[in-house]
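**Q** fold the following.
(one chain, ligands or ions: 3)
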Amino acid sequence: MNTFLTEQRPPEKNLVDRLREEALRLGFSRIGIAPAISPVRHDTFRKWLDQGYAGVMHQWLTRHEPLRADPASLLANCQSIISLATDYASTDPLPPAPGQGRVSRYAWSEDYHDLLRSRLMAMERWLHTAAPGCHTRGVVDSAPLAERDHAWMAGLGWIGKNTMLIDPDAGSWFFLSSLLTDLVLPFDSPLKVDHCGTCTACLDACPTGALPAPRLLDANRCISSLSIEDHGVVDESLRAGFGQWIFGCDICQDVCPWNRHAPTNPIAEFLPNPGMNPVELESILSLNAADFRLRFSDTPLARAKRRGLLRSAAIALGNAPVESLAPLLVNLLDDAEPVIRGAAAWALGRFLVADIGRGIATAALVSHQKTESDPAVQTELLSALKPS
Ligand code: B12
Ligand code: SF4
Ligand code: SF4
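**A** Residues are numbered from 1 along each chain as shown. Ligands and ions are numbered 1, 2, ... in the order given. Below you'll find the model as predicted:
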């Protein structure tokens, strides 16, 4: 307990009102304050990990689990967590034609971490002036903090069946960031109502069955996790479900009725970079390592790495084939990455099933059977030529 701050120098009466004003002035959309206790559903998180639902993030999340259980491990004597929501929906997604790919709207522009970090730092400077001697730590995905749990506690929304934190007025298209402090501030109350009611639109719409039950997400099946975090081979049974998504997935939010009237935040930082809504697959499938870095290094797509992005783009083209793009897949059969070669082989197999570009696809698959050295890619070539 911080006796010095709580007993001898309580925060000025209107500090919190000024803090709220300052947050909005800096560009945050909403603010709430929660006590820095262990996340109320930490057991749910531990169970989720134990049941193997974290996919490729298992090790990383397990390693940091003890820190996540105790906010004071991130800031000594942490007393309050100021949760900040930033709306990022800037414009509507355009439906992709065959040959185009979809990117989750949070990733249309530059990396949001930089923008939020600079706003958080401005907020910290303000708080240090308003309450001299306080200690703070700004977090924007940069520390193991249960951001949704604390933001729920801070009254910023309820946890929807799609696992998103949803604001009854603003929907779920917002980022969270947090400011930890050793100041004892007055806390907001959590929303007690579950506004999902009997709706199951998100569970019904998930194309890969990644929401097996309300508020339970299986990252092993989630397109968002597979296309952002997992740069390996996508299980064959999940590839059709990718549709034209190449980075992230917004389906369980797009169908949510609470997003129908979500506000837009058309500031330059959130407007789509040219060619992102939607993306021409041609411009992705032809990227070499240097091109990839040049185009995506300052954007969220860097996280997929070239391997993951080209793999997902090949799958997207296989799901909506365009004859003129078949040569790009043929080129990728010679890529240095087996994961990309395998995805290209699978996609060419989809061309055969759709009876598009049959000549070029068959010739390439047959000729590469003679040269391919990786057994897993050989299997892909074989199944592409003999679809079940
Ligand atoms: C790992 C991770 C992922 C993983 C797993 C997501 C998941 N649903 O668990 C993957 C890669 C799939 C992912 C995807 C996305 N993510 Co993400 N992700 C995270 C991260 C880093 C940790 C989340 C986590 O620990 N998940 C494990 C589960 C078990 O924990 P949880 O989601 O926090 O859920 C807790 C609460 O929901 C609570 N709870 C559950 N049921 C109930 C019921 C009640 C009544 C109560 C009170 C609480 C409660 O218990 C859970 C355990 O503590 C957070 C940032 C952070 N540090 O928190 C961002 C974060 C959750 N992601 C975010 C975003 C934007 C996305 C995507 C939209 C990106 C995209 N378009 O592709 C998708 C959305 C997919 C989806 N339906 O969740 C935002 C969410 C903002 C919001 N409005 O909710 C966050 C907060 C990042 C940020 N700083 O803004 N993400
Ligand atoms: S992000 Fe997409 S794949 Fe993941 S749970 Fe939502 S709808 Fe399913
Ligand atoms: S789609 Fe329906 S069930 Fe899913 S989060 Fe939205 S309101 Fe809840």
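
**Q** C-alpha from now on. contacts and neighbour counts both.
**A** Noted.

**Q** can you count the residues close to residue 46?
**A** Look at residue 46: counted by other CA atoms under 10 Å, it has 14 neighbours.

**Q** what about the residue lying closest to residue 73 once chain neighbours are set aside, which SS state?
**A** Once flanking residues are discounted, residue 73 sits nearest to residue 67: 5.7 Å by CA to CA, 6 or more residues apart in numbering. Three-state assignment for residue 67 (DSSP: H, G, I helix; E, B strand; the rest coil): helix.

**Q** I figured residue 67 hits residue 60, correct?
**A** No. With contact defined as CA atoms under 8 Å, residue 67 and residue 60 do not form a contacting pair (11.9 Å).

**Q** so these two - more neighbours on which side?
**A** Neighbours around residue 67 and residue 60, counted as other CA under 10 Å, are more numerous at residue 67. The numbers are 17 against 11.

**Q** excluding chain neighbours, what is closest to the residue in the stretch 1-150 of the chain that ligand 3 sits nearest to?
**A** With CA to the nearest ligand atom as the measure, residue 148 is the residue of the stretch 1-150 of the chain nearest to ligand 3, at 14.1 Å. Spatial nearest neighbour of residue 148, excluding adjacent residues (CA to CA, 6+ apart): residue 165 at 6.3 Å.

**Q** find me the pLDDT at the closest residue to ligand 3 within the stretch 251-388 of the chain, would you?
**A** Scanning the stretch 251-388 of the chain for the residue nearest ligand 3 gives residue 256, at 3.5 Å (criterion: CA to the nearest ligand atom). For residue 256, the pLDDT comes out at 98.

**Q** what about it, neighbour count?
**A** Residue 256 is flanked by 21 other residues according to other CA under 10 Å.

**Q** against residue 216, how distant is it?
**A** Residue 256 sits 16 Å away from residue 216, going by CA to CA, to the nearest Å.

**Q** up against ligand 1, what does the protein have?
**A** By the rule CA under 6 Å from any ligand atom, the part of the chain lying against ligand 1 is 41-42, 44-45, 48, 104, 106, 140-141, 144-149, 159, 162-166, 172-177, 215, 217, 219, 222, 224-225, 248-250.

**Q** so of the residues you listed, which ones are in helices?
**A** Applying DSSP state H to these, the entries found in helices are 42, 44-45, 48, 147-149, 224-225.

**Q** could you work out the most separated pair of the residues you listed?
**A** For those, the maximum inter-member distance is 22.7 Å, found between 42 and 224 (CA to CA).

**Q** the two: who's more crowded?
**A** Neighbour tally, residue 42 and residue 224, criterion other CA under 10 Å: the higher count belongs to residue 224, 22 against 16.

**Q** check that one and give its pLDDT.
**A** Residue 224 is given a pLDDT of 98.

**Q** my guess is it contacts residue 249, does it?
**A** Yes. Using CA under 8 Å, residue 224 is in contact with residue 249, at 5.0 Å.

**Q** tell me where the stretch 51-200 of the chain has helices.
**A** Ranges of helices in the stretch 51-200 of the chain, per DSSP state H, counting those that start in this stretch, are 58-63, 65-69, 112-130, 147-153.

**Q** CA atoms of the longest one as CSV?
**A** Taking Å, rounded to 0.1, in the frame of the first residue of the first chain, the C-alpha atoms of helix 112-130 are listed here in CSV:
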residue,chain,number,x,y,z
TYR,A,112,-0.7,1.7,-34.2
HIS,A,113,1.8,1.0,-31.4
ASP,A,114,3.8,4.1,-32.3
LEU,A,115,0.8,6.5,-32.2
LEU,A,116,-0.5,5.1,-29.0
ARG,A,117,2.9,5.1,-27.3
SER,A,118,3.4,8.7,-28.1
ARG,A,119,0.0,9.6,-26.7
LEU,A,120,0.7,7.6,-23.6
MET,A,121,4.0,9.3,-23.1
ALA,A,122,2.2,12.7,-23.4
MET,A,123,-0.3,11.5,-20.8
GLU,A,124,2.4,10.4,-18.5
ARG,A,125,4.2,13.8,-18.7
TRP,A,126,0.9,15.5,-17.9
LEU,A,127,0.2,13.2,-14.9
HIS,A,128,3.7,13.8,-13.5
THR,A,129,3.1,17.5,-13.6
ALA,A,130,-0.4,17.3,-12.2
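
**Q** ok, and what's touching that helix?
**A** Residues from elsewhere that reach helix 112-130 (CA atoms under 8 Å, 6 or more residues apart in numbering): 15, 19, 22-23, 26-27, 134-141, 177-179, 269, 300.

**Q** sitting in strands, which of those do you find?
**A** Within the contacts of helix 112-130, residues falling in strands by DSSP state E are 136-139, 177-179.

**Q** buried only: go through these for me.
**A** By neighbour count, with 16 or more other CA atoms under 10 Å, those hold 136-139, 177-179 as buried.

**Q** who in the stretch 151-300 of the chain is up against ligand 3?
**A** Selection of the stretch 151-300 of the chain residues close to ligand 3 by CA under 6 Å from any ligand atom yields 160-162, 196, 199-202, 255-257.

**Q** look at residue 246 and tell me its secondary structure.
**A** When classified by three-state DSSP, residue 246 comes out as strand.

**Q** excluding covalently adjacent residues, which one is nearest to it?
**A** Distances taken as CA to CA, 6+ apart place residue 312 nearest to residue 246, at 5.0 Å, with adjacent residues excluded.

**Q** returning to what we had before: I figured the residue nearest to residue 148 hits residue 158, correct?
**A** Yes. With contact taken as CA under 8 Å, residue 165 and residue 158 are classed as touching, separated by 5.4 Å.

**Q** between the two, what contacts are shared?
**A** Counting by CA under 8 Å, 6+ apart, the common neighbours of residue 165 and residue 158 are residue 152.

**Q** one step back: quick one: which of the buried ones among the ones in strands among the contacts of helix 112-130 is nearest to ligand 2?
**A** Each of those was scored against ligand 2 by CA to the nearest ligand atom, and residue 177 proved nearest at 20.2 Å.
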